[in-house]
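>>> Make a model of this:
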Amino acid sequence: ERLKVMTDGEHEVLNNLKHNAMATVDFAGEAIQYANGMAPVEACLLEWSEPDLSVLQSGDVDVVVGGDLAYDEAAMPPLAAVLKRLLRPHGTARHALLACTKRSDSTFEALTMALASRSLQWTVPELPPDAWSAATAWARLGNDFSSCGIERVTLLKIEAA
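Residues are numbered from 1 along each chain as shown. Take a look at the predicted model:
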């Protein structure tokens with residue numbers, strides 16, 4: 001069973017990550033549980049501007065999954081640099097999937113420019129309607145859903161160019 005590592009750059013947020021994971025299991029029940037119990041989860045500090053990737057323990061990252069990361073233009077170059085280190089051929093991750101809420105055109109543009117500057121390419125994967133329906137149901141649980149609804153979310157698949 002693979003370890004799931006959740007990261008954030010803020011110490012206060014780390015305290016909530018495991019709680020949120022367990023609350024999600026309580027809410028979803030069997031839908032996200034595994035046959036032999038819960039997948040192990042770790043919560044670790046990862047500061048994009050000074051990343052210590054040793055917090056990822058084994059170092060073998062299969063896939064990077066991120067949500068609501070593109071909210072600060074200044075943070076986009078460090079984010080792209082971390083992704084470059086984690087993605088093949090520099091790292092072990094096949095690709096990254098980022099669910100980006102378009103809070104402003106300039107922030108989203110800063111993200112795409114930062115990705116391009118690190119020779120990372122991005123595409124918008126096609127998802128079946130059922131997947132978007134499920135995503136919408138989960139998104140409604142967010143405290144900022146009314147201001148950042150699902151129609152403003154773009155899923156990006158990021159890989160080395």
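
>>> Give me the most central residue, this protein.
When Cα atoms, centre = their mean is applied to the chain, the residue found nearest the centroid is Gly66 (0.5 Å).

>>> was I right about it contacting Thr101?
No: in this structure, Gly66 is not within contact of Thr101 by Cβ atoms under 8 Å, at 11.4 Å. All C-beta atoms are positioned from the backbone trio N, CA, C, and that covers glycine.

>>> Make sure the residue nearest to the centre of the chain is indeed in a strand.
Yes: Gly66: assigned to a strand according to DSSP: H, G, I helix; E, B strand; the rest coil.

>>> Could you report the distance from Leu111 to Pro129?
26 Å (Cβ to Cβ, to the nearest Å).

>>> quick one, which of the two is more surrounded?
Per other Cβ atoms under 10 Å, whichever of Leu111 and Pro129 has more neighbours is Leu111, with 26 against 7.

>>> Let me see the ranges of the helices in the protein.
Assigned by DSSP state H, the chain shows helices spanning 11-28, 76-86, 105-117, 129-139.

>>> comparing the ones you listed, which gets the lowest mean pLDDT score?
Note on these: lowest mean pLDDT is at helix 11-28, with a mean of 75.

>>> Now it - C-alpha only, CSV.
Extracted C-alpha coordinates of helix 11-28, given in CSV (Å, rounded to 0.1, in the frame of the first residue of the first chain):
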residue,chain,number,x,y,z
HIS,A,11,2.6,25.1,9.7
GLU,A,12,-1.0,25.9,10.8
VAL,A,13,-2.4,24.1,7.8
LEU,A,14,-0.5,20.9,8.5
ASN,A,15,-2.4,20.5,11.7
ASN,A,16,-5.6,20.4,9.8
LEU,A,17,-4.5,18.1,6.9
LYS,A,18,-4.9,14.7,8.7
HIS,A,19,-8.1,15.9,10.4
ASN,A,20,-9.5,16.8,6.9
ALA,A,21,-8.4,13.4,5.5
MET,A,22,-10.2,11.5,8.2
ALA,A,23,-13.3,13.8,8.0
THR,A,24,-13.4,13.0,4.2
VAL,A,25,-13.3,9.3,5.0
ASP,A,26,-16.1,9.7,7.5
PHE,A,27,-18.2,11.6,5.0
ALA,A,28,-17.5,9.4,2.0
